[in-house]
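> here you go, sequence then predicted model.
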Amino acid sequence: MTAIRLDGVATAAVIKDELKTRVDALRECGIRPGLATLLVGSDPASVSYVTGKHRDSAEIGVESIKVELPESASMADVEAAIADLNSAPEVTGYIVQLPLPTGLDEHRTLELMDPAKDADGLHPFNLGKLVLGVDGEIDTPLPCTPNGVIELLRRYEVPIAGKHVTVIGRGLTVGRPLGLLLTRKGIDATVTLTHSRTPDIAAEVRRADIVVAAVGVPGLVKADWVKPGAAVVDVGIARVGTTESGRAKLAGDVAPEVWDTAGWVSPVPGGVGLLTRAMLLENVVSAAERL
Ligand SMILES: Nc1nc2c(c(=O)[nH]1)N[C@@H](CN(C=O)c1ccc(C(=O)N[C@@H](CCC(=O)O)C(=O)O)cc1)CN2
């Protein structure tokens, strides 16, 4: 048996088409959504992700603004850049690409953002709305990767309600908010959130109907960890060398053999990463619609 591929490229393309229609409608009302990115330093993975975000923006007609600071930037430099982004009228939404170089305070940075322009859903106000929003719709931006995981599962009609989801990794951008989103009324999953101090992660994965791996350890999730027919969403992404054409070779957290056991698998590359970018644009367009 080979698992169904949860295709991030195809799914993101459909979502971007839907968003383009909304951007065109905004334009007719004189509103031009604008996404800015703040990149500090030149970590190759971050540079690649930010480049992808600008490419996607251009595809759907969202203006994009790049702000770059050197690796040596101080917290005062970052604070000044955030103040500029908060007041720039052409920026309707923005993100600070994470992680920041060592020595810069990520939490302080997120706190300084205007929550109405927070395109990542990571400002404490927006995370707080997610915590409070157990029932019904949330009218604030949702964290992009967790929202992308759910959107990918939903579009492939993978059953979620009443199912057991094991998440590996408790980080700010994936594990923690994903647990909150999956347990909301209307989604109704039961979630086990595992991390580096969980005694037996394999056992927690074995009882899951859906597994989400977000640690960045290539091949961590083995075939004999996975219940036959389960959905396995690979969020981990590590750079493990260079391809013949000189591009970075990427590997996910899920071992290749898992494709023979699982019912659905999302690949790396070509899976959730593309949905992360699509959900970022969803936040930007929704914020512009609220103007
Ligand atoms: N401000 C944020 N920083 C980070 C977030 C986030 O949601 N907001 N999440 C991750 C990384 N991430 C978003 O920026 C991200 C990860 C992966 C991709 C992506 O396009 N992946 C492609 C491969 C791209 C490549 O060749 O490198 C794929 O999987 O096919 C986009 C964004 C940490 N930081």
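Ah, there it is.
> which residues of the stretch 151-291 of the chain fall in helices?
Counting by DSSP state H, counting those that start in this stretch, the stretch 151-291 of the chain has helices at residues 175-182, 201-206, 272-289.
> from those helices, which stretch is densest packed?
Counting by mean count of other CB atoms under 10 Å, helix 272-289 has the highest mean neighbour count of the helices of the stretch 151-291 of the chain, with a mean of 25. Glycine gets a C-beta too; all of them are placed from N, C-alpha and C.
> so which of the helices of the stretch 151-291 of the chain comes closest to the ligand?
In terms of CB to the nearest ligand atom, the element of these nearest to the ligand is helix 272-289, at 2.3 Å.
> outline the domain layout of this structure.
Domain segmentation of the chain under automatic domain parsing yields 30-115, 143-273.
> tell me how far the first one is from the chain's mean position?
Translated: domain 30-115. Distance, stretch centre to chain centre, for domain 30-115: 15 Å (CA atoms, centre = their mean, to the nearest Å).
> quick one: terminal-to-terminal distance for it?
Between the opening and closing residues of domain 30-115 lies a distance of 23 Å (CA to CA, to the nearest Å).
> mean confidence for stretch 97-111?
The predicted model gives stretch 97-111 an average pLDDT of 98.
> does it come close to the ligand?
Yes. Counting by CB under 6 Å from any ligand atom, the ligand has neighbours in stretch 97-111: Gln97, Leu98.
> using CSV, list the CA coordinates for that stretch.
Extracted C-alpha coordinates of stretch 97-111, given in CSV (Å, rounded to 0.1, in the frame of the first residue of the first chain):
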residue,chain,number,x,y,z
GLN,A,97,11.0,36.0,10.1
LEU,A,98,11.9,33.6,12.9
PRO,A,99,14.3,32.6,14.4
LEU,A,100,16.0,35.9,15.1
PRO,A,101,19.8,35.8,15.5
THR,A,102,21.1,34.9,19.0
GLY,A,103,20.8,37.8,21.4
LEU,A,104,17.7,39.3,20.0
ASP,A,105,14.5,39.0,22.0
GLU,A,106,11.8,37.3,19.9
HIS,A,107,9.0,37.7,22.4
ARG,A,108,9.7,41.4,22.9
THR,A,109,9.7,41.7,19.1
LEU,A,110,6.3,40.0,18.7
GLU,A,111,4.9,42.2,21.5
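> any residues touching that stretch, and which ones?
37-41, 43, 46, 49-50, 71, 73, 75, 78-79, 82, 96, 118, 122-124, 172-173 (CB atoms under 8 Å, 6 or more residues apart in numbering).
> hmm, try it at 6 Å
Contact with stretch 97-111 is made by Thr37, Leu39, Val40, Gly41, Ser46, Val50, Glu71, Met75, Val78, Val96, Leu122, His123, as judged by CB atoms under 6 Å, 6 or more residues apart in numbering.
> and those residues near the ligand, which?
When contact is defined as CB under 6 Å from any ligand atom, those meet the ligand at Val96.
> can you name the two of the contacts of stretch 97-111 that are farthest apart?
Glu71 and His123 (24.6 Å; CB to CB).
> if you count surrounding residues, which of the two has more?
Applying other CB atoms under 10 Å to Glu71 and His123 shows that His123 carries more neighbours, namely 21 against 12.
> where does the closest residue to Arg155 other than its chain neighbours fall, secondary structure wise?
Once flanking residues are discounted, Arg155 sits nearest to Thr11: 5.4 Å by CB to CB, 6 or more residues apart in numbering. Assigned by DSSP states H and E, Thr11 belongs to helix 8-28.
> now that helix and helix 272-289, what's the angle there?
10 degrees (axes from the mean of the first three to the mean of the last three CA atoms, to 10 degrees).
> now the element after helix 8-28, going C-ward?
As assigned by DSSP H and E, the chain's next helix or strand after helix 8-28 is strand 34-40.
> confirm for me that Ser266 is in contact with Ala231.
No. Ser266 is not in contact with Ala231 according to CB atoms under 6 Å; the separation is 8.5 Å.
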